[in-house]
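K.L.:
Provided below for reference: sequence and predicted model.
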Amino acid sequence: MPSFDRNTLNKLLKEIPDKATAPVYLLFGDRFLCRQAADRLGRALCQGGGTVHTIDGESEDTQATLAKLRSFSLLPGKQIFRVNSTRLFHSKKVAKSLWNKAVKAREGEKPEKAAQALCAMMAAGGLDSTDPENAPGDLSATQWKKCFGFAKPVGKLDWTKQLLLDFAAQTPPASQPAGTNPAEQFQQVLEDGIPDGNILMLLAEEVDKRKKIFKFFKKKFIIIDLSVESGSGFQAKKTQASVLQDQVNHILRKRKKTMAPAVAKQLFDRVGFHPVAVVMETEKLALYVGEATEITINDLNTIVGRTRQEALFELTQAVGDKNLDNALSIATRLQENAIHALAIIATLRNFSRKLLLFSALQKQNEYGFFPGMSSQNFQQQCLPALKENIRWTKDLSGHPYALYMQFTTAAGFSLETIQTWLALILEAERWLKGSSISAETVIQHLLLTMLTPLLKGNLQNQH
């Protein structure tokens, strides 16, 4: 059967009224894009009449879903059974991603979402999440690796047991018979055939394409791939921007507004790759401008707020001031506002490198800088001498007063301290890219190790 993606989805939707519909549609990838596409697909399938029945895959009763698929309905038109967040395609391959979601939800004080992700991870590893003996924290490192395919995270994991127990107490148990495999059951029912007019629509964020059930769906039914390349590479960024631009264009057409490309780019920079957030912010902007037809940069600054660069500057300012409490608070807020931890790492690295350069330049007598020097003297005496060396042209291209403040900040740190910072930043980046420790924990630990020794030194000097 043919496969579709976000670029060919419209073609599929246009064909539906004129062609026989498929009995099954699988949509996988970005959660928001899948749900948005499923809404459109549901409307297209029901043009001649029908009903969409929504099922929560996180607490799905497999037997109930299969019974509905096999039953003839007394209702008129097509009967579409839409399963959000299906677990049919989970495996060890997606277990780590599910674990990261559970940790992030718990840190965000969303216990229900954390429990759902944890249950999905347990199912992917072949474990019954309702059995207290299967508590993840009680598994040995070897058992964890065998079940989930990645190394057991460091630290105490006792919280997982209580989270699962609380969730099990609140969630009615599914009536799935012991020893049965939901994927095999679905495959058998679909191979036997379901009544005409019954349609199964499955939505999944993560799929393991190696699984037998996925290969079966790909061969027999309609697959819609709505995944978006992650990361910060050029191609990934280009794809992400294209997805966000499509969302903005849809809102602008609906609201009869326009937005210059430069303004849209600023919007994407501030929000990050979060399609649902971009839609909400664009809707707010369209409502804010009222009768005006164009959304300007001034409107963006008023409604969406500060730029990412301004927010990151606050962090480096706090670090430069040796204000640990403020730095930790700002770092947390940055991540809550969807600024990726690697962007924070890159900002701290660039800041430290510049401090290291300016600190080294201060050690060279020919430039004449000394701590406590006035801004006027710096601009008249030091800066001209510094700019004579073309090696520093790029680093000294900023506003004279801003450069003076950076030199003043650098004077407050030793070369050894800044060199240690760069080593710590490199280590933190490795943790982010190669471990399951949460990004928030890594960033907090980095700031603590950077600034705590300096604060201790200040206290000792005061005494």
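P.N.:
The structure has been received and is ready for your questions. Numbering: from 1, shown residues only.

K.L.:
where do the helices sit along the stretch 201-350 of the chain?
P.N.:
For the stretch 201-350 of the chain, applying DSSP state H, counting those that start in this stretch gives helices covering 212-220, 234-255, 261-271, 275-288, 297-303, 308-320, 324-336, 341-362.

K.L.:
run through the protein and note the low-pLDDT ranges.
P.N.:
For the chain, the stretches flagged by pLDDT under 70 are 20, 91-92, 170-180, 231-233, 305-311, 337-338, 455-463.

K.L.:
dump the helices of the stretch 201-350 of the chain into CSV; add mean neighbour count and distance to residue 381 as well.
P.N.:
(Glycine included, C-beta is placed from N, CA and C.) Formatted as CSV, the helices of the stretch 201-350 of the chain follow (neighbours: other CB atoms under 10 Å; distance: least, CB to CB, whole Å):
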stretch, mean neighbour count, distance to residue 381
helix 212-220, 16, 69
helix 234-255, 15, 43
helix 261-271, 17, 38
helix 275-288, 18, 48
helix 297-303, 15, 38
helix 308-320, 18, 23
helix 324-336, 17, 33
helix 341-362, 19, 13
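
K.L.:
got JSON lines for the ones you listed, with distance to residue 110 too?
P.N.:
Output for those, formatted as JSON lines (distance: least, CB to CB, whole Å):
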{"stretch": "helix 212-220", "distance to residue 110": "29"}
{"stretch": "helix 234-255", "distance to residue 110": "24"}
{"stretch": "helix 261-271", "distance to residue 110": "20"}
{"stretch": "helix 275-288", "distance to residue 110": "16"}
{"stretch": "helix 297-303", "distance to residue 110": "26"}
{"stretch": "helix 308-320", "distance to residue 110": "23"}
{"stretch": "helix 324-336", "distance to residue 110": "12"}
{"stretch": "helix 341-362", "distance to residue 110": "19"}
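
K.L.:
out of those helices, nearest to residue 422?
P.N.:
Nearest to residue 422, of all the helices of the stretch 201-350 of the chain, is helix 341-362, at 5.4 Å by CB to CB.

K.L.:
could you list the residues in contact with whichever helix or strand comes after the closest one?
P.N.:
Downstream of helix 341-362, the next assigned helix or strand under DSSP states H and E is helix 375-377. Outside helix 375-377, the residues that touch it by CB atoms under 8 Å, 6 or more residues apart in numbering are 400, 401, 404.

K.L.:
cool, stretch 223-233 as well?
P.N.:
1, 3-6, 9, 12, 25-30, 33-34, 37, 41, 217, 235-236, 239-240, 243, 273, 340, 342-343.

K.L.:
just stretch 43-56 next, same as before
P.N.:
For stretch 43-56, contacts defined as CB under 8 Å, 6+ apart pick out 13, 16-17, 21, 42, 65, 68, 75-85, 197, 199, 201.

K.L.:
check which residues of the helix or strand where residue 52 lies are buried.
P.N.:
Following DSSP H and E, one finds residue 52 within strand 50-56. For strand 50-56, the neighbour count (16 or more other CB atoms under 10 Å) marks 50, 52, 55 as buried.

K.L.:
could you find the closest non-adjacent residue to the residue of the chain positioned farthest from its centre?
P.N.:
Ranked by distance from the centre of the chain (CA atoms, centre = their mean), the top residue is residue 366, with 48.8 Å. Distances taken as CB to CB, 6 or more residues apart in numbering put residue 385 closest to residue 366, at 6.5 Å, once the chain neighbours are dropped.

K.L.:
do you know which of the helices of the stretch 201-350 of the chain lies nearest residue 89?
P.N.:
Here helix 212-220 is closest among the helices of the stretch 201-350 of the chain (CB to CB), at 5.5 Å.

K.L.:
domains in this protein, by residue range?
P.N.:
Residue ranges for the domains of the chain, per automatic domain parsing: 1-227, 234-303, 308-462.

K.L.:
what segments of the stretch 351-463 of the chain are strands?
P.N.:
Assigned by DSSP state E, counting those that start in this stretch, the strands in the stretch 351-463 of the chain number zero.

K.L.:
would you state the helices of it in chain order?
P.N.:
Per DSSP H, counting those that start in this stretch, the stretch 351-463 of the chain carries helices over the ranges 375-377, 383-387, 400-410, 415-434, 439-462.

K.L.:
pick the most buried one from those.
P.N.:
Highest mean neighbour count among the helices of the stretch 351-463 of the chain (mean count of other CB atoms under 10 Å): helix 400-410, with a mean of 18.

K.L.:
so what's the nearest residue to residue 255 once chain neighbours are set aside up against?
P.N.:
Among residues not flanking residue 255 along the chain, residue 286 sits closest, at 3.9 Å (CB to CB, 6+ apart). By CB under 8 Å, 6+ apart, the contact list for residue 286 reads 251, 252, 255, 257, 295.

K.L.:
now flag whichever of the residues you listed is closest to residue 103.
P.N.:
Residue 103 has its nearest neighbour among the contacts of residue 286 in residue 251, at 32.8 Å by CB to CB.

K.L.:
I'd assumed residue 5 was in contact with residue 11.
P.N.:
No - between residue 11 and residue 5 there is no contact under CB atoms under 8 Å: 10.3 Å.

K.L.:
what sits against residue 353?
P.N.:
By CB under 8 Å, 6+ apart, the contact set of residue 353 is residue 422.

K.L.:
so residue 39 versus residue 83, what's the distance?
P.N.:
Separation of residue 39 from residue 83 (CB to CB, to the nearest Å): 14 Å.

K.L.:
oh, I was asking about residue 437
P.N.:
The gap separating residue 437 from residue 83 is 33 Å, by CB to CB.

K.L.:
then residue 127?
P.N.:
Distance of residue 127 to residue 83, given as CB to CB: 22 Å.

K.L.:
residue 437 and residue 83: which has the busier surroundings?
P.N.:
Using other CB atoms under 10 Å, the more surrounded residue of residue 437 and residue 83 is residue 83, with 22 against 17.

K.L.:
ok so residue 13 is a helix residue?
P.N.:
Yes - Residue 13: assigned to a helix according to DSSP: H, G, I helix; E, B strand; the rest coil.

K.L.:
I'd assumed residue 429 was in contact with residue 345.
P.N.:
Yes - counting by CB under 8 Å, residue 345 touches residue 429, with 5.1 Å between them.

K.L.:
buried residues in stretch 86-104?
P.N.:
Here stretch 86-104 shows 86-104 as buried, counting by 16+ other CB under 10 Å.
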